[in-house]
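> Mind folding the following:
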Amino acid sequence: MPTVTFRVLYVFIVLAHERRRLLHFNVTAHPTSEWTAQQIVEAFPWGSAPGYLLHDRDSIYGDPFRQRLREMGIRDVLTAPRSPWQNSYAERLIGSIRRECLDHILVLSESSLRRTLKSYFYYYLQARTHLALGKDTPEPRAIQPPELGRVVEIPEVGGLHHRYERRAA
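Take a look at the predicted model:
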């Protein structure tokens, strides 16, 4: 993501495939294999690591990263070269982030991008419905019957999106 001053910032995401749930993200101007290895530790604290991790062949997944995966008991699965369709959930999320959020804002710094993405990911997990999840959100939510009141609009992501809830008058 380019900033207003033309610095390029990189976003690292960890996504659980079963409900398209975002587990972790971070932003940096200088991604390295060591930095990426640290992000995996932060994404899976206290022995909560999955059995495998699917990723592409980018250089940020170098020896320090692969060593950290082995230490955590995670098997890494590489996609074929130039085959983004092999990690379609992550590619879809990246496209959604761009289309629904980043294409509509100017980024000033790492902290402003991190703040914007945090807001977007809250919306993505709590309010944005997915057809493949039966029009539910990645974080399941309760059905709101008409008895709870009228439907009100609540702005999200600085007004870029809205969620709707029933509230008593």
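> How much space separates residue 36 from residue 148?
44 Å (C-beta to C-beta, to the nearest Å). For glycine as for every other residue, the C-beta is placed from the backbone atoms N, C-alpha and C.
> Of those two, give the one with the bigger neighbour count.
Between residue 36 and residue 148, counting by other C-beta atoms under 10 Å, residue 36 is the more crowded of the two (22 against 13).
> Helix or strand: which one has the more buried one?
Element membership for residue 36, per DSSP states H and E: helix 33-43.
> In that helix, which residues are buried?
Going by neighbour count (16 or more other C-beta atoms under 10 Å), the buried part of helix 33-43 is 33, 35-37, 39-40, 43.
> Same check on stretch 114-130?
114, 116-117, 119-125, 127-128.
> try stretch 159-169
161, 163.
> Could you look up the SS state of residue 46?
Of the three states, residue 46 takes coil according to DSSP: H, G, I helix; E, B strand; the rest coil.
> just residue 53 next, same as before
strand.
> do the one 4 residues further on as well
Using three-state DSSP, the three-state assignment for residue 57 comes out as coil.
> Phi and psi next, for it.
phi -100, psi 30 (degrees, to the nearest 10).
> Can you give me the distance of it to residue 13?
Distance, residue 57 to residue 13, by C-beta to C-beta: 17 Å.
> likewise residue 142?
27 Å.
> Identify the nearest residue to the most centrally placed residue in the chain in space, disregarding sequence-adjacent positions?
By C-alpha atoms, centre = their mean, the chain has its centre lying nearest to residue 22, at 4.4 Å. With C-beta to C-beta, 6 or more residues apart in numbering as the criterion, residue 22 has its nearest non-adjacent residue at 5.3 Å, and that residue is residue 121.
> most residues in a single helix of this protein, which one?
helix 110-126 (DSSP state H).
> What separation do you get for residue 149 and residue 168?
4 Å.
> Only the buried residues of whichever helix or strand residue 153 is part of, if you could.
Here residue 153, judged by DSSP H and E, is contained in strand 150-156. Neighbour-count burial for strand 150-156 flags residue 156 (criterion: 16+ other C-beta under 10 Å).
> circling back: what's the pLDDT at the residue nearest to residue 22?
At residue 121, the model reports a pLDDT of 95.
> if I look at the closest residue to residue 21 other than its chain neighbours, how far off is residue 67?
Using C-beta to C-beta, 6+ apart and skipping the chain neighbours, the partner closest in space to residue 21 is residue 138 (4.4 Å). Distance, residue 138 to residue 67, using C-beta to C-beta: 31 Å.
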